[in-house]
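Colleague: Provided below are the primary sequence and the corresponding predicted coordinates.
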Amino acid sequence: MAMDRREFFARTAIAGAAAAVAGAGALPASRAQAAESAGEAQLNLSSQDGIIPGKELKEKLANMEKWGFNGVEFGGGGLNGRVKQIQEALAGTKIKVSAICAGYNECLMAETAEKRKKAFDDIKRILEAAGELKSTGLIVVPAFNDQMKLSFVEGQKLLMPQLAELGEWAAKHGTRILLEPLNKGEAMFLRQLAVAACLCRALDNPGVAMMGDFYHMNKEEKDDYYAFLDAGSYLHHVHLASASRVMPGQDERSFVGGFKGLKKIGYRDYCSLECGCKGDKMVEIPKAVEFLRRQWDEAKV
């Protein structure tokens with residue numbers, strides 16, 4: 001009997017993810033892809049809008065321009081009703097929309113069809129808004145620990161066909177799904193960039209990509225450099241936070257190794273602040289920008 005599309009996605013991804021875990025994150029195909037990546041990498045700095053001081057969005061954007069940011073990241077909750085407001089605030093600035101961070105209800109790997117449908121429909125709506133804003137993609141965590149009651153294999157059989165459909169929807173609207181690996185304290189299902197890349201490869205869908213987060217990588221990856229090489233061309237967003245989840249430069253966390261990896265794969269999308277801040281943001285955020293640009297310059301490939 002011929003294998004239908006759903007079963008193909010599920011079986012291929014399960015086998016691939018298992019191989020990635022067994023290989024301790026080593027994905028030669030991704031690394032070869034990374035080495036062949038065309039173009040020179042760029043450090044395009046972004047931040048979640050809630051981190052930036054300012055009474056209204058225009059004031060936040062003015063601060064971001066002054067400090068040397070290139071992009072701004074918004075939450076997905078209520079985004080569809082804010083598209084025009086955001087477009088008007090961005091007009092006349094050099095700031096572009098980077099990623100959209102979640103904002104949907106439930107999860108794609110919930111144990112009930114009703115909950116999965118809620119997540120699926122919410123994600124579709126947010127993707128429409130993301131496309132209107134020309135965002136690089138919508139960040140999606142397949143399931144947090146408190147949402148995941150199914151086994152890894154059962155959950156993945158449910159996840160992959162949904163990602164295939166959502167990826168097609170995202171591509172139709174000029175954007176992407178961005179799978180986010182988290183640390184095991186938050187999400188056991190997807191923790192390493194190599195596994196996320198494997199899921200992307202199995203789907204082979206331009207609307208399904210991935211991101212990396214320096215905070216979670218500090219807990220789950222053996223080496224930032226090789227983690228980004230494993231991600232390769234599937235990587236389309238990066239979150240920036242120190243080991244203690246404060247501003248880069250506010251603890252001993254180095255970004256040089258990871259930046260070397262980003263340079264190696266020719267990364268040109270956004271690196272966005274998702275972190276707290278010790279001290280006055282008007283002082284500490286510009287210092288973080290300077291720190292990150294120094295670390296980028298130190299990252300020799």
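Modeller: On my side now, so go ahead.

Colleague: how about K264, phi and psi?
Modeller: Main-chain dihedrals, K264, degrees, to the nearest 10: phi -60, psi -40.

Colleague: isn't it right next to V301, touching?
Modeller: Yes. Using C-beta atoms under 8 Å, K264 makes contact with V301 at a distance of 5.4 Å. For every residue, glycine as well, the C-beta is placed using N, CA and C.

Colleague: residue boundaries of the strands in this protein?
Modeller: With DSSP state E as the criterion, the chain has strands at 44-48, 71-75, 96-101, 137-140, 177-179, 208-213, 235-240, 270-273.

Colleague: list the helices and strands the shortest one packs on?
Modeller: Going back to what we said before, that points to strand 177-179. Using 3 or more C-beta pairs under 8 Å, 6 or more residues apart in numbering; DSSP states H and E, the elements in contact with strand 177-179 are strand 137-140, helix 152-172, helix 193-203, strand 208-213.

Colleague: higher neighbour count, K264 and V301?
Modeller: Per other C-beta atoms under 10 Å, whichever of K264 and V301 has more neighbours is K264, with 20 against 11.

Colleague: need the pLDDT of the more buried one.
Modeller: pLDDT recorded at K264 is 98.

Colleague: in the sheet, who's paired with the residue nearest to C271 when sequence neighbours are not counted?
Modeller: Distances taken as C-beta to C-beta, 6 or more residues apart in numbering place V238 nearest to C271, at 4.4 Å, with adjacent residues excluded. Beta bridges link V238 to G212, C271, judged by DSSP bridges.

Colleague: skip the chain neighbours and tell me the closest residue to the residue nearest to the spatial centre of the chain.
Modeller: Central residue of the chain (C-alpha atoms, centre = their mean): M211, 3.1 Å from the mean position. Leaving aside its chain neighbours, M211 sits nearest to H237 (3.8 Å; criterion: C-beta to C-beta, 6+ apart).

Colleague: got the confidence number for the one you found?
Modeller: In this model, H237 is scored at 98, pLDDT.

Colleague: give the contact list for N80.
Modeller: 125-126, 128-129 (C-beta atoms under 8 Å, 6 or more residues apart in numbering).

Colleague: what's the closest of these to H216?
Modeller: Among the contacts of N80, I126 lies closest to H216 (C-beta to C-beta), at 21.8 Å.

Colleague: what number of residues lie near the closest residue to that closest one other than its chain neighbours?
Modeller: With C-beta to C-beta, 6+ apart as the criterion, I126 has its nearest non-adjacent residue at 4.2 Å, and that residue is G76. For G76, the number of neighbouring residues by other C-beta under 10 Å comes to 23.

Colleague: rewinding a little: dump the helices and strands packed on strand 177-179 into TSV; add mean pLDDT and distance to Y225 as well.
Modeller: Compiled in TSV, the helices and strands packed on strand 177-179 are given as follows (pLDDT from 0 to 100; distance: least, C-beta to C-beta, whole Å):
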stretch	mean pLDDT	distance to Y225
strand 137-140	98	23
helix 152-172	95	27
helix 193-203	97	11
strand 208-213	98	12
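
Colleague: in CSV: these, plus distance to M64.
Modeller: Below are the helices and strands packed on strand 177-179 laid out as CSV (distance: least, C-beta to C-beta, whole Å):
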stretch, distance to M64
strand 137-140, 19
helix 152-172, 26
helix 193-203, 27
strand 208-213, 20
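
Colleague: from G68, how far out is M160?
Modeller: Remark: distance between M160 and G68 (C-beta to C-beta, to the nearest Å) = 40 Å.

Colleague: could you tell me the end-to-end distance of stretch 209-222?
Modeller: Using C-alpha to C-alpha, to the nearest Å, the end-to-end distance of stretch 209-222 comes out at 22 Å.

Colleague: distance from it to the middle of the chain?
Modeller: Averaged C-alpha coordinates place stretch 209-222 at 10 Å from its chain's average position (C-alpha atoms, centre = their mean, to the nearest Å).
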